[in-house]
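> next comes the sequence, and after it the predicted model I'd like to discuss.
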Amino acid sequence: MRLTSLNRNLPAYVDSVDWSALPDADGKRLRELGLCEGASIELLHRAGFTGRGAYSCRVGRMTIAMRASHADAISVRTGPAPANGPDTEA
Amino acid sequence: MSALTIAMVGNPNAGKSALFNALTGARQKVGNYPGVTVERKVGRLALTDGRSVDVVDLPGTYSLDAKSPDEEVTRNVIFGYQDGEKRPDLLVIVLDAANLDNHLRFTLELLALGLPSIVALNMVDLATRDGLELDAASLEHDLGVPVIPTVAVRRRGLDHLKAAIDTALPAHASTRAVQIERVAQDEATLRREAQRIARRAIVSETPSRRFTGAIDSVVLHPISGPIILLALLFVIFQAVFSWSEAPVGWIEALLALLQEGVEAVLPDGFLRDLIVQGIINGVGSVIVFLPQILILFFFILMLEATGYMTRAAFLMDGLMAKVGLSGRAFIPLLSSFACAIPGIMATRTISDPKDRLTTILIAPLMTCSARLPVYGLIIAAFIPQRTVGPGFNLQGLVMFGLYVAGIVGALAAAVLLRLTVTKGGNGSFLMELPKYQMPLLRDVLLGLWQRAFIFLKRAGTIIFMTTVVLWLLLSFPKPPAGSDVRPVDYSAAGRIASVLEPVLRPIGFNHEIALALIPAMAAREVAVSALATANSINESDDEDATAKSLGERLQGRWSLPTALAFLAWFVFAPQCISTIAVTKRETNGWRWPLFMVGYLFVLAYAAAGITYWTAVAAGL
């Protein structure tokens, strides 16, 4: 499922990222912030009264903020991250 | 032999600047790298063996692939390409202990360059708070360089770090510019290696509901979050205006004393007028804003140091995105309510150049504190003091309306600019929300002192020059003896006003307004004293008395539509010269400041015109 449809405060991990849907610079920054296939992720907050603002997520031990357009390119699976850690398939 | 140089380098939010402050204390110099608008911070560190070295605090970056101007400077300094900086002799790589796997990736990239390096494993206390126990020795073994655990804000580990610097620093500074050939490194390989090393260094990890998470659940909550943000903004605004009253009074008293002193010492004549009217009044009218600027910066620095600032950006991103900007533009725009200069300087954190430029271009539309004296004068003189419903009075509503007009104007301008001249860029919002931390008062005060210094330096140079030029224009040439022409009308400025008047007459402006607009270019509030001069009122030291009697005079000379048009004009146009100068510096050229001046004048002319014509048509 997409990160945009993940319930809040539910442990999950990144299954795949559609890097082609993101501007190059954003994809690179996401990876620099530790968001890559296999990383543990948890949706924490959505900004705004209407709940249509930016997303905040815990990725590994970091909290990062992103827009819906980024979250939409990230596919996640619920449950703990695979034991052998991120990027095993890379 | 040139001095040895150490560069502090690391990811954003690794506590690098706190460590830099702890190492160098107040012995810092803040400036800009030549040709770019990136702040250069250099301090001096005395080593145990008596040597003294330069320490450079490089902007935080995630990798050596630079995206923003800040990151480019970091890369260029490390590689030895940066103008005005020699290649560092030693790197102190600052790591956030609680974010090892992520920060180690950049560390590995840096270590691969082969420069002498030391790792400061910083914020080990916060890592412990998060349930992490680390083995520095394992890290040292895997990285092959000394690893020193530190807590910069508590000054822990500093002696060890200094001793390690002492040992690792080469005996002599490198005199040649070594060009490092970078080994192409695969991002994924680096990441995997970083994670392997991190896993070995983590002795135990207790998952704990973290402190930061608990605060965020209130601060970022869809309902309480915006309420807290609004309440904070309210407190900041109150503080900026009410706390500054006393210190502004002191500065004014000091200026009056200075003026009296000069008048007592110097004989009547050119030199005395130049010093009193040109320099003391001119530069003084800008320096009185120092308290407001410092109070605003105190809050901004506190919010930054605690980690709340990024949360404010997070909450505001939705609104900012609607006008094509990013949440990061919120802080600079907020600062611009005090003064556009610090606001424009604060845009440096926006990495997308188009986002940044748009934010700079709309910053002057935020109602800065210099407009208040002008609004106060005209509102008091022309808007009746009567209540319009419970708790509202008309004068207050007009003042509020002027603020709202500025904000709406800025948002509309942002939309238009993003569709035209600043089209493109992805207007992205992607950032780390750092852990909350107790700010260190010493670091905040150091930051405040640096801001004050930058502001006063500008007041002493560019503002000084322009006020002197404006004073000369207003004072010369003098009318011939026996002439009944008023000196201001005869002066160069008076003649320029006569040229401007036909252009301004259609929007309801008269000759004295045209004349007041010229010195208002130096600082908007000078329009008040210029009107006073033009009205030939004996200048009084008491601003309120001047404003009052001036207001009464204006009532008889201006129509209500003219007064309203004058207010509308001030919502949009008159740039102060310092804003133009800082825009030139921040955009590296004249193109954008000239564009900004042009578009704001057109906007001001249109707004004043529409206000005037509507008011006349309505029979006001």
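That came in fine, so what should we check first?
> just the strands in chain A please.
A:12-17, A:40-46, A:55-59, A:62-66, A:74-78 (DSSP state E).
> a markdown table for the ones you listed, including distance to residue B:141 and mean pLDDT?
For every residue, glycine as well, the C-beta is placed using N, CA and C. Below are those laid out as a markdown table (distance: least, CB to CB, whole Å; pLDDT from 0 to 100):
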| stretch | distance to residue B:141 | mean pLDDT |
| --- | --- | --- |
| strand A:12-17 | 30 | 95 |
| strand A:40-46 | 27 | 92 |
| strand A:55-59 | 28 | 93 |
| strand A:62-66 | 25 | 92 |
| strand A:74-78 | 35 | 95 |
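> pick the most deeply packed of those.
strand A:62-66 (a mean of 25; mean count of other CB atoms under 10 Å in any protein chain shown).
> report all helices and strands that it contacts.
strand A:55-59, helix B:308-322, strand B:431-432 (3 or more CB pairs under 8 Å, 6 or more residues apart in numbering or on different chains; DSSP states H and E).
> figure out which of these is closest to residue B:59.
Nearest to residue B:59, of all these, is strand B:431-432, at 14.6 Å by CB to CB.
> mind telling me which residue of chain A is nearest chain B?
residue A:53 (3.3 Å; CB to the nearest CB).
> for that residue, give me its contacts.
A:46-47, B:314-315, B:317-318 (CB atoms under 8 Å, 6 or more residues apart in numbering or on different chains).
> gap between the two ends of stretch B:379-390?
20 Å (CA to CA, to the nearest Å).
> up against chain A, what does the stretch 101-250 of chain B have?
B:101-102, B:105-106, B:130, B:187-188, B:191-192, B:195, B:199, B:212-213, B:216-217, B:220-223, B:225-226 (CB under 8 Å from any CB of the partner chain).
> which phi and psi does residue B:145 have?
Main-chain torsions, residue B:145, degrees, to the nearest 10: phi -130, psi 160.
> OK, now which residue of the stretch 251-400 of chain B is nearest to chain A?
Counting by CB to the nearest CB, the stretch 251-400 of chain B gets nearest to chain A through residue B:318 (3.3 Å).
> enumerate every residue touching the closest residue to residue A:77 other than its chain neighbours.
Distance criterion CB to CB, 6 or more residues apart in numbering or on different chains; nearest residue to residue A:77, sequence neighbours excluded, is residue A:15 at 4.7 Å. Shown in contact with residue A:15 (CB under 8 Å, 6+ apart): A:37, A:75-77.
> got a markdown table for those residues, with distance to residue B:363 too?
Converted to a markdown table, the contacts of residue A:15 look like this (distance: CB to CB, whole Å):
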| residue | distance to residue B:363 |
| --- | --- |
| A:37 | 41 |
| A:75 | 39 |
| A:76 | 39 |
| A:77 | 44 |
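> residue B:354: which of these is nearest?
residue A:75 (29.9 Å).
> which one of the contacts of residue A:53 is nearest residue B:90?
So of these, ranked by how close each gets to residue B:90 (CB to CB), first place is residue B:314, at 36.6 Å.
> list the beta-bridge partners for the closest residue in space to the closest one that isn't next to it in sequence.
In this structure, residue B:314 finds its nearest non-sequential neighbour in residue A:65, 4.7 Å apart by CB to CB, 6+ apart. Applying DSSP bridges to residue A:65 gives these bridge partners: residue A:56, residue B:431.
> where in chain B is pLDDT low?
Scanning chain B with the threshold set as pLDDT under 70 gives B:1-2, B:32-37, B:173-185, B:207-209, B:425-427, B:458, B:462-463, B:533-549, B:574-575.
> on that earlier part again, can you say which of the strands of chain A is nearest to residue B:531?
That would be strand A:62-66 among the strands of chain A, by CB to CB, at 47.8 Å.
> tell me which residues are up against the closest one.
A:30, A:33-35, A:44, A:54-57, B:99, B:102, B:212, B:216, B:310, B:313-314, B:317, B:327, B:429-434.
> swap the cut-off to 7 Å and go again
A:33-35, A:44, A:54-57, B:99, B:102, B:314, B:429-433 (CB atoms under 7 Å, 6 or more residues apart in numbering or on different chains).
> for residue B:369, state which of the contacts of residue A:53 is nearest.
residue B:315 (24.8 Å).
> most neighbours, which of the contacts of residue A:53?
residue B:314 (30 neighbours; other CB atoms under 10 Å in any protein chain shown).
> that one against residue A:45, yeah?
No. In this structure, residue B:314 is not within contact of residue A:45 by CB atoms under 7 Å, at 8.0 Å.
> what do those two both touch?
Shared contacts of residue B:314 and residue A:45, counting by CB under 7 Å, 6+ apart, come down to A:56, B:220.
> residues of chain B that sit close to chain A?
Residues of chain B lying close to chain A (CB under 7 Å from any CB of the partner chain) are B:62-63, B:65, B:67, B:98-99, B:101-102, B:187-188, B:191-192, B:195, B:216, B:220, B:222-223, B:226, B:314-315, B:317-318, B:327, B:426, B:428-433.
> roughly how far does the residue in the stretch 51-200 of chain B that chain A sits nearest to sit from residue B:10?
Going by CB to the nearest CB, chain A is nearest to residue B:62 of the stretch 51-200 of chain B, at 3.7 Å. Distance of residue B:62 to residue B:10, given as CB to CB, to the nearest Å: 10 Å.
> what sits against the residue of the stretch 251-400 of chain B closest to chain A?
A:47-48, A:52-54.
> one step back: turn the helices and strands packed on strand A:62-66 into JSON lines, columns for distance to residue B:593.
Below are the helices and strands packed on strand A:62-66 laid out as JSON lines (distance: least, CB to CB, whole Å):
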{"stretch": "strand A:55-59", "distance to residue B:593": "37"}
{"stretch": "helix B:308-322", "distance to residue B:593": "23"}
{"stretch": "strand B:431-432", "distance to residue B:593": "29"}
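> quick one: stretch B:119-136 to chain centroid distance?
Counting by CA atoms, centre = their mean, to the nearest Å, stretch B:119-136 is centred 33 Å from the centre of its parent chain.
> now do the end-to-end distance for it.
With CA to CA, one end of stretch B:119-136 sits 10 Å from the other.
> what of stretch A:14-31?
Across stretch A:14-31, first to last residue, CA to CA, it's 12 Å.
> buried residues of that stretch, list them for me.
By neighbour count on 16 or more other CB atoms under 10 Å in any protein chain shown, the buried set for stretch A:14-31 is A:14, A:17, A:22, A:25-31.
> most widely separated two among those residues?
Maximum distance among these (CB to CB): 19.3 Å, for A:14 and A:25.
> need the residues of chain A near chain B, please.
A:23, A:25-26, A:28-34, A:36, A:44-49, A:51-54, A:56, A:60-67, A:70, A:85-87, A:90.
> would you map the strands across the stretch 51-200 of chain B?
B:52-57, B:90-96, B:117-122, B:132-134, B:147-149 (DSSP state E, counting those that start in this stretch).
> which one of these lies closest to residue B:523?
strand B:52-57 (33.0 Å).
> in a markdown table, list the contacts of residue B:318 along with pLDDT.
Shown next, in a markdown table, are the contacts of residue B:318 (pLDDT from 0 to 100):
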| residue | pLDDT |
| --- | --- |
| A:47 | 86 |
| A:48 | 73 |
| A:52 | 74 |
| A:53 | 85 |
| A:54 | 92 |
